[in-house]
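K.L.:
Take a look and give me a structure for this.
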Amino acid sequence: MRIILVYFLLLLILPYNVAQAGVFERTLPNGLKVVVKEDHRAPVVVQQIWYKVGSIDENTGTTGVSHALEHMMFNGTKTVPAGGFSKRIAAAGGRENAFTSTDYTAYFQQLYKSKLPLAMKLEADRMHNLNPTGKEFGKEIKVVMEERRMRTDDDPQARLYEVMMATSYEELPYHNPVIGWMSDLQKLTVNDVSAWYKEWYAPNNATLVIAGDVNPTEVFALAKRYYGSIPRHALPQRHNFFEPQQVGIKRVIVKAPAELPRLVMAYHTPVLRDPAHDWKPYALEVLAGVLDGSESARLNRHLVREQQVAISADADYNDASRGPTLFTLDATPSTGKTVQDVEAALRGQIALLQKDGVSGDELKRVKAQITAAEVYKRDSVFYQAMQIGQLESIGLGYQAIPVMLEKLQAVTAEQVQQVAREFLQDDNLTVAVLDPQPLSGKKLQHMSEGGSANVR
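P.N.:
Purely as a prediction, here's the structure:
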C-alpha cells in the first residue's frame, strides 16, 4: 500500500503542476470571465458557459424556473430558429447539452477544434438574444413536467430523496427540488422564464471555460469577438443562505410502489469555504471514503458481506456547494431484514468510528483512491473543464484544485474521528424510509440521480 500511495502521489503532483501551468484566464470589460485549459492530446475542444444561478436562487411559487429556462435556451433566438442550435452543432460533428443544479446552470459543446468559432457564435447569441415564445414554452413545460413524472414521481428512490431534502432543510432553498414542484410547474409562464433570463443571464454572471487543443491567445480573441459586445447589467441581490441548527432527530416515511424498502440517514455538515485553511470538509470526505468507495470499505465489508443485513450500503458527501450540505448514509435491507435492522447496523458503524477512529491502513487506502480518481479524471478534457466551471461558479476558483488535493492528503486519523463525533449526531439527523407498496404489475425504472441535477 505504501508503494501504491507514493506512486499515485507522484502521478498527482507532477502532472498537475504541468496542468496548472496550462490554465489561463482573462476577464472581458463586460465582466465575462474566460478560463482556458490547454490539452493538446487530441484535436478537440470543449466550450462550457456557466451561469451562477440555480434552484437555490428561486422563490416559492416559481420553483423549477432555472431548469425550464435551460430547456428554452434551445428554442430559438432572434436569428436562430427553434432547434437550430442543436442542428448546427450536430452538422459540425459536435455534441451538446446542458444541465441545471442547485447552484448553477451550464451549457456545453464538444467538437473539432476548428469549429470553436461556430460554438462561440451560437452560445453568445443565446446569451442575449433569446426569444422565448408562448408556443415554444407551452411545448417545453410539458416536457419538463413529464421529466418530473418519470424521474421523480414514478421513481420511488428519487421521491424518497426529494422528501428527505425537503425535510432536512427548513429555510435553505435546497428544500426545493431542482426540477421544481409540480404545482409550480403547472402555473409557470413564459413571462416567468423571460424575467429569469433577463435577471440572471448576463456576461458578468457567467464563466466561459474552454478546454482542449487550443491556443489561449486565439481563444481570448474569439471570446472578445463573440461575447465582448454583450452588455453587462446589474444583478438581483443574492440571498444570504442560512439554515438554522437542527434541534432533534427528524423522521419521515415515504409510501410508494416499489420492490424493496430503503433507508437514508442525512446529517447536516459544513462545506468548503476557505480551501487553504478549512480542514473539516476534507476530513468528512475521507470519512465517506472509509465507509464507502471500495470492496474493502466498512459498509460493504461489514453490513453487506459479513452481517448480510443489507444488499447495498453507501456513504456520500460533497464538500463543494454554495450552501451547506449533507453527509448521507443509505442502505437497502437484505431479504428477511428490516430498515430498523439496517439503521441499527449503520449506527453501530458510526459508534465504532466515534469510539475507535480509523486505522492507518484505511487512511492510506482512501487517500490513494482519492488521488487515483483525480489522476484518471484528467484523461477527460470535458471533466477538466467541468472541474474549473464548478469551482468558479461556487466561488472557490480553479486555483483551489491543487490546494484541495494537498489538504486531503494531509487529513489525519484524529481529524476523521473528530468530525464523526461532531457531525454524526442525532440532533443533526434526518431519517427517511421508503415503505414499499404493491407494484400493481407496473415495471418501475430506477433512476440514480435523485433530482440533484437535471440534464436536458
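K.L.:
switch to C-alpha atoms for all contacts and neighbour counts from now on
P.N.:
Will do.
K.L.:
For the stretch 301-450 of the chain, just list every one of the helices.
P.N.:
339-356, 360-377, 381-393, 400-409, 413-423 (DSSP state H, counting those that start in this stretch).
K.L.:
So for P244, which of those sits nearest?
P.N.:
helix 413-423 (14.8 Å; Cα to Cα).
K.L.:
contact partners of the closest one?
P.N.:
267-269, 280, 283-284, 286-287, 350, 353-360, 363 (Cα atoms under 8 Å, 6 or more residues apart in numbering).
K.L.:
Equivalent analysis for stretch 266-277, please.
P.N.:
Contacts of stretch 266-277 with the rest of the structure, by Cα under 8 Å, 6+ apart, involve 164, 168, 278, 280-281, 318-321, 323-329, 396, 400, 403-404, 407, 423-425, 428-431.
K.L.:
same check, this time on stretch 226-238
P.N.:
28-32, 57, 120-121, 124, 128, 199-200, 202-205.
K.L.:
again, but for stretch 50-58
P.N.:
63-67, 100-107, 172-174, 176-178, 200-201, 205-209, 238-239, 389, 393-394.
K.L.:
follow-up on the earlier one: dump the helices of the stretch 301-450 of the chain to CSV, plus distance to Y51, mean pLDDT and mean neighbour count.
P.N.:
Formatted as CSV, the helices of the stretch 301-450 of the chain follow (distance: least, Cα to Cα, whole Å; pLDDT from 0 to 100; neighbours: other Cα atoms under 10 Å):
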stretch, distance to Y51, mean pLDDT, mean neighbour count
helix 339-356, 39, 97, 16
helix 360-377, 23, 88, 17
helix 381-393, 7, 96, 21
helix 400-409, 20, 93, 17
helix 413-423, 32, 98, 19
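K.L.:
Make JSON lines from the ones you listed and add distance to K142 to it.
P.N.:
JSON lines is the format used below for these (distance: least, Cα to Cα, whole Å):
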{"stretch": "helix 339-356", "distance to K142": "37"}
{"stretch": "helix 360-377", "distance to K142": "36"}
{"stretch": "helix 381-393", "distance to K142": "29"}
{"stretch": "helix 400-409", "distance to K142": "40"}
{"stretch": "helix 413-423", "distance to K142": "41"}
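K.L.:
do you know which of those lies nearest K187?
P.N.:
helix 381-393 (29.3 Å).
K.L.:
quick one, the closest one and helix 360-377 angle?
P.N.:
Here helix 381-393 runs at an angle of 110 degrees relative to helix 360-377 (axes from the mean of the first three to the mean of the last three Cα atoms, to 10 degrees).
K.L.:
Quick one: distance of helix 381-393 to the chain centre.
P.N.:
11 Å (Cα atoms, centre = their mean, to the nearest Å).
K.L.:
In PDB, could you pull the C-alpha coordinates for that helix?
P.N.:
This file holds the C-alpha atoms of helix 381-393, laid out as PDB (Å, rounded to 0.1, in the frame of the first residue of the first chain):
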ATOM      1  CA  VAL A 381     -10.900  17.200 -21.400                       C
ATOM      2  CA  PHE A 382     -14.600  17.600 -20.600                       C
ATOM      3  CA  TYR A 383     -14.000  16.800 -16.900                       C
ATOM      4  CA  GLN A 384     -11.100  19.300 -16.700                       C
ATOM      5  CA  ALA A 385     -13.500  22.000 -17.900                       C
ATOM      6  CA  MET A 386     -16.200  20.800 -15.600                       C
ATOM      7  CA  GLN A 387     -14.000  21.000 -12.500                       C
ATOM      8  CA  ILE A 388     -13.000  24.500 -13.400                       C
ATOM      9  CA  GLY A 389     -16.500  25.700 -14.100                       C
ATOM     10  CA  GLN A 390     -17.900  24.200 -10.900                       C
ATOM     11  CA  LEU A 391     -15.300  25.700  -8.600                       C
ATOM     12  CA  GLU A 392     -15.600  29.100 -10.300                       C
ATOM     13  CA  SER A 393     -19.400  29.000 -10.100                       C
END
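K.L.:
which SS state does I49 fall under?
P.N.:
strand (DSSP: H, G, I helix; E, B strand; the rest coil).
K.L.:
Now do the strands in this protein.
P.N.:
In the chain, the strands defined using DSSP state E lie at 23-27, 33-38, 44-51, 95-101, 105-112, 206-212, 250-257, 262-269, 310-317, 325-333, 429-437, 453-455.
K.L.:
Quick one: closest of the helices of the stretch 301-450 of the chain to E243.
P.N.:
helix 413-423 (15.1 Å).
K.L.:
low-confidence ranges in this structure?
P.N.:
1-21, 441-456 (pLDDT under 70).
K.L.:
And the residue of it positioned farthest from its centre, how far from R305?
P.N.:
The centre of the chain is farthest from one residue, G336, which by Cα atoms, centre = their mean lies 35.1 Å away. Going from G336 to R305 by Cα to Cα, to the nearest Å gives 15 Å.
K.L.:
Show me the contact partners of stretch 336-350.
P.N.:
Residues contacting stretch 336-350 (Cα under 8 Å, 6+ apart): 261-263, 298-299, 303, 309-310, 329, 331-333, 420, 424, 433.
K.L.:
Same question for stretch 284-301.
P.N.:
By Cα under 8 Å, 6+ apart, stretch 284-301 touches 312-319, 327, 346, 349, 358, 362-363, 366-367, 408, 411, 416, 419-420.
K.L.:
and with 6 Å instead?
P.N.:
The contact list for stretch 284-301 (Cα atoms under 6 Å, 6 or more residues apart in numbering) reads 313-316, 366, 416.
K.L.:
Helices of the stretch 151-300 of the chain, start to end?
P.N.:
156-168, 182-187, 190-200, 216-227, 280-291, 298.
K.L.:
now for these, which one comes closest to G94?
P.N.:
Nearest to G94, of those and by Cα to Cα, is helix 216-227 at 18.2 Å.
K.L.:
Buried residues, the closest one. List them.
P.N.:
Using 16 or more other Cα atoms under 10 Å as the test for burial, helix 216-227 gives 216, 219-220, 222-224, 226-227.
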